[in-house]
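In: Can you look at this prediction? I've put the sequence above it.
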Amino acid sequence: MPRPGDVIIARVRFVDDLGSKIRPALVLFEELGNVVIAGVTTNLRMKGVPISKSEGAAQDSVIKLNYIFTITNDVVLKTVFHLSSEKKRMVLKELTEKLDSLRS
C-alpha cells in the first residue's frame, strides 16, 4: 500500500485517450483503494516542489501540485523513495496555499 509521501511509478491513463503511460507521481493519500497523487515532471521550468537525484529521484524533477488526480492501487507499479519530512512540509505548505482560496 502506498503511503503519503511516497514517490511511486504508476501506469497513468490519459484523460482524453484510452492509452496510458508509466509516470512518476507523489502519493498525497490513499483511501479505499484509491490513491490521490500529484504528477512529477523532469521539466524544471514547471512550478512546484523540486526533488533531486540526491533525494532519490531518477532525475532532478518537480512535483506538480497543479496536476492532482486519482488512480487505483492496482496501477501502482513500485515505490521509488519516500520524501523527507522537510519536503513533505513544503508540499503541504504549497497545497494549503492553493486550497486557501476556498475560504472566501
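Out: Nice, I can see it. Only a predicted model underlies this, so the values are computations on that prediction, with no experimental measurement involved.
In: all contacts plus neighbour counts: C-alpha atoms, from now on.
Out: Noted.
In: Which residues does the spatially most central residue of the chain form beta bridges with?
Out: Among the residues of the chain, Leu26 comes closest to the average C-alpha position under Cα atoms, centre = their mean, at 2.4 Å. Beta-bridge pairing for Leu26 (DSSP bridges): Val7, Ala38.
In: low-confidence ranges in the protein?
Out: Across the chain, residues meeting the criterion (pLDDT under 70) sit at 15-17.
In: Strands of that one, residue ranges please.
Out: With DSSP state E as the criterion, the chain has strands at 6-13, 20-31, 34-41, 49-51, 61-72, 76-82.
In: Output the contacting helices and strands for the second one.
Out: The one in question is strand 20-31. strand 6-13, strand 34-41 (3 or more Cα pairs under 8 Å, 6 or more residues apart in numbering; DSSP states H and E).
In: Now do the first one: distance to the chain's middle.
Out: Okay, so that is strand 6-13. How far strand 6-13 lies from its chain's middle: 8 Å, per Cα atoms, centre = their mean, to the nearest Å.
In: Can you mark which positions in that strand are buried?
Out: Across strand 6-13, burial judged by 16 or more other Cα atoms under 10 Å covers Asp6, Val7, Ile8, Ile9, Ala10, Arg11, Val12.
In: now that strand and strand 61-72, what's the angle there?
Out: Put simply, strand 6-13 runs at 60 degrees to strand 61-72, going by axes from the mean of the first three to the mean of the last three Cα atoms, to 10 degrees.
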